[in-house]
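J.: Provided below are the primary sequence and the corresponding predicted coordinates.
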Amino acid sequence: MEKFNSMKVQKKLIIIMLTLSITSIMLVVSGLLINNTIVTSKLLSGQLDAYARLNAALVQNKFDTANATVTNLATYLSDNLNTVNLFNEEEKTRSIVYNQNINSQLIPLEEYAYNTVLSYVLNTPLYDAMGIYFEPNVFDSSMGAYAFYVDANNTVGSYTSYNDYANDDYYAIPKATGKPYITDAWLGEQDLPVVTLSVPIMQNNNFIGIVGVDLLLSEFEDT
């Protein structure tokens, strides 16, 4: 301090002006940094919002695609089953799903349904399993239960009792509401978390069954 007091007035003024200049520069730089931080924060927030919207759109697109798949198959089954004379029991042919004979006129429809389910499951990573489930005596008048599924390992499962699937949410809720339904998460055929999307098969405004697909939750992680 004494050195400063002993300096000439001119030197003192120079030091003071330099100090003020440096202080002013620091204030300006600080302002720029704060402004840049705010702008960056807004840009980042905007990017995150855009990412969230994109992610939601991708998830919705996967659900929409799956819904279209099962809805189209349900419509096909309803339209074509309506043209089959289920009470013509004279000709019987071995079912490709069950180890028993069914109405021969049902074989082309069964083959189409089975091959469609198989193709979708084996060629769509999102699908863990897919199946078709009918009300008693609807698909074939001699069968109290007709329901099968195919999983991603090409395993075919079938049901011999209506009660084995009738009370499950994926079946019971579309039956009660006549509308598509998505279950809570559960462990699917590969012991991986899935949700089941099921749509009702309607014929003349009457519920006759469902088409369902199990969606792997892991396939939504990349969205």
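T.: Thanks, I have the structure now.

J.: State the helix or strand in which the most centrally placed residue in the chain lies.
T.: For the chain, F63 is the residue whose C-alpha lies nearest the centre (C-alpha atoms, centre = their mean; 4.1 Å). Secondary-structure element containing F63, defined by DSSP states H and E: helix 9-81.

J.: any idea how far N163 is from P136?
T.: 10 Å (C-beta to C-beta, to the nearest Å). The C-beta positions use only the backbone N, C-alpha and C, and glycine is treated the same way.

J.: ugh, typo on my part, it should be N154
T.: N154 is 28 Å from P136, by C-beta to C-beta.

J.: Those two: which has the busier surroundings?
T.: P136 (13 against 9; other C-beta atoms under 10 Å).

J.: Any buried residues in stretch 176-194, and which?
T.: 180-183, 188-189, 194 (16 or more other C-beta atoms under 10 Å).

J.: Among those residues, which ones are in strands?
T.: If you go by DSSP state E, these have 181-182, 194 in strands.

J.: closest to V121 among the residues you listed?
T.: The shortest approach to V121 among those belongs to V194, at 12.3 Å (C-beta to C-beta).

J.: what's the helix or strand Y133 falls within packed up against?
T.: Take DSSP H and E as the rule and Y133 turns out to sit in strand 127-134. Applying 3 or more C-beta pairs under 8 Å, 6 or more residues apart in numbering; DSSP states H and E, we find strand 127-134 packed against helix 9-81, helix 107-123, strand 146-151, strand 193-203, strand 206-216.

J.: Which residues in it does the neighbour count mark as buried?
T.: For strand 127-134, by 16+ other C-beta under 10 Å, it's 127-134.

J.: And for stretch 200-213?
T.: Neighbour counts using 16+ other C-beta under 10 Å place 200-201, 203, 207-213 of stretch 200-213 among the buried residues.

J.: Could you work out the most separated pair of those?
T.: Maximum pairwise distance among the buried residues of stretch 200-213 (C-beta to C-beta): 20.5 Å, between Q203 and V213.

J.: Could you report the separation of the spatially closest residue to L187 that is not a sequence neighbour from A129?
T.: With C-beta to C-beta, 6 or more residues apart in numbering as the criterion, L187 has its nearest non-adjacent residue at 6.4 Å, and that residue is P193. Per C-beta to C-beta, P193 is found 13 Å from A129.

J.: In its sheet, which strands sit next to the strand holding Y133, and in what direction?
T.: Paired strands of strand 127-134, with direction, are strand 146-151 (antiparallel), strand 206-216 (antiparallel) (DSSP bridges).

J.: Kindly present those strands as CSV, with separate columns for distance to L106 and mean pLDDT.
T.: Converted to CSV, these look like this (distance: least, C-beta to C-beta, whole Å; pLDDT from 0 to 100):
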stretch, distance to L106, mean pLDDT
strand 146-151, 9, 97
strand 206-216, 14, 96
